[in-house]
Every structure is written in structure tokens, then in C-alpha cells.
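Trainee: Below is the structure, and that's it, no one-letter string:
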């Protein structure tokens, strides 16, 4: 397909890398010039153009803009009725995006993560997910959401990624002060968490690691007594209902 990408920030750049090698013709905008230049250098099927030229060369358009910048950027562009638009903007609903891209059709909102560049990374999809799945599944699991309320809940819950990564980073630092090869220590912990969570439910893993007096049980109980689970629930509630 002829694909256009408006905006080449971190997520849009990863998305383009995830599309590479599938036979598509990809045109990316000059926004985030360093990223777009790197994509064109690394991927033969990628070229760089101004925003309107991106649209003119594309049948499917991904919007990788910041939501607050979208009205001014998109308002200066001419879309076609035969174009399909997929937004990557978490801060704008499909109903808000539709008039910005008319007469093109805003078919879906998708929220990928940087891992989409390599595969195996979850993708949240709202609207018609068929086109998203055509591009990214089954290499990346696509999670279909029913409405904006469910999307909002998923966005709150996915914020657990940063604190989990911080916990692994902190444990890696602790290990690194005691091990000969700190880099190897972090690689071990990353592989440990990723591999074990990928094969079953989190609850089943907790139960499997609940050996009385074992290292995992003792650390989990210590953190629970320190208020970790309560703090997590409170933090999610605040994300859902900001003051």
C-alpha cells in the first residue's frame, strides 16, 4: 500500500520501522527532521516530503502528531475522499479527528508502543481495527476496544509500564553493585520479567512464586506491607479521576 505518516516522533518512528520490509511505499513528513532523515537512510522504501506531499502520495495516512498541534497542522492540508486515516493521538477522540481530516475517513485510533518496531508489542485499537490488523497482526497483538470509556481505562492501567520498568532498573542497579557485569545483570532481569509474564496470567505467576519463605514471596510481602499495592490502586484512581 501507499502509506503516509504525518509526524515522526518516537512512536511514529517505531511504527514506520514496524511497517518496513512488507512491500509498502512509505512517505513520512519532515516534522522531527532528524527522525525522518534516519528512517529514509535506513529503510529503502521510505522517502521524506512536506506534509501535503505526504498526503498526495498516500492512500492510508497515520497521524503521529501531538493532539494540541493537530488542528493547526491538519487544517492547512487537503485530504482526499478515498483516503483512510489512522490516528496515533491518545489526546483526541475519533469524533474530534474526523472533521480535521474530512473528506477522508478517520477509520481508527491506535495506540502502539516503541516495541512495535520489532514485533511482539501490544497495540490498542478503537474504531475499525481491520486495517490496523492488516498492517501489524499477528506480529503484534491487537487489542480491540469497544468505546472511549474502555480506552480511557486501558490508558490508565498501561501506565504501570513505567513503574515496573523503574523497579527493574532499581533492582538492576542494586545487582550491579554486587555483580561483576552490571549490563548482564539488567539483561537477566529484563528477560526474567518479560519471559515469565508472557506465558500466562499475572495471578498464576504470583501463585507459582508463592513458595513459603522463598525470595519472591518475602520481597512481595515486604512491598505489600510497605503499601505498594495500595499506592498503585490510589495512583490508578487518580489517573481515572484527575483532580
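Mentor: Good, I have the coordinates. Given the structure is predicted, the values throughout are model-derived calculations rather than measurements.

Trainee: Next one: the closest residue to residue 101 other than its chain neighbours relative to residue 124, how far apart?
Mentor: Leaving out its chain neighbours, the residue that sits closest to residue 101 by Cβ to Cβ, 6 or more residues apart in numbering is residue 85, at 4.7 Å. To be clear about C-beta, it is placed using only N, CA and C from the backbone, and glycine gets the same treatment. To residue 124, residue 85 is 17 Å away according to Cβ to Cβ, to the nearest Å.

Trainee: list the buried ones in stretch 230-238?
Mentor: By 16 or more other Cβ atoms under 10 Å, stretch 230-238 has no buried positions at all.

Trainee: measure stretch 222-234 end to end?
Mentor: 19 Å (Cα to Cα, to the nearest Å).

Trainee: Averaged pLDDT, it. What do you get?
Mentor: The average of the pLDDT scores along stretch 222-234 is 97.

Trainee: ends of stretch 57-65, how far apart?
Mentor: With Cα to Cα, one end of stretch 57-65 sits 19 Å from the other.

Trainee: swap in stretch 65-84?
Mentor: Stretch 65-84 end-to-end distance (Cα to Cα) = 16 Å.

Trainee: Show residues contacting that stretch.
Mentor: For stretch 65-84, contacts defined as Cβ atoms under 8 Å, 6 or more residues apart in numbering pick out 6-7, 9, 31, 51-52, 55, 58-61, 63, 85, 89-92, 97, 100-105, 107, 131.

Trainee: again, only this time at 7 Å
Mentor: Stretch 65-84 has contacts (Cβ atoms under 7 Å, 6 or more residues apart in numbering) with 6-7, 51-52, 55, 58-61, 63, 89, 91-92, 100-105, 107, 131.

Trainee: I figured residue 46 hits residue 40, correct?
Mentor: Yes: look at residue 46 against residue 40 with Cβ atoms under 7 Å: they come within range, at 5.0 Å.

Trainee: between the two, which one's more packed in?
Mentor: residue 46 (23 against 17; other Cβ atoms under 10 Å).

Trainee: That one and residue 132: what is the separation?
Mentor: 20 Å.

Trainee: Now do the strand ranked longest in the chain: which elements does it pack against?
Mentor: In the chain, taking DSSP state E as the definition, the longest strand is strand 105-111. In this structure, strand 105-111 packs against strand 84-87, helix 94-101, strand 123-127, helix 130-136, with contacts taken as 3 or more Cβ pairs under 7 Å, 6 or more residues apart in numbering; DSSP states H and E.

Trainee: Any idea which of these gets closest to residue 202?
Mentor: strand 123-127 (18.3 Å; Cβ to Cβ).

Trainee: That closest one: partners in the sheet, and parallel or antiparallel?
Mentor: strand 105-111 (antiparallel), strand 142-145 (parallel) (DSSP bridges).

Trainee: Noted, bye for now.
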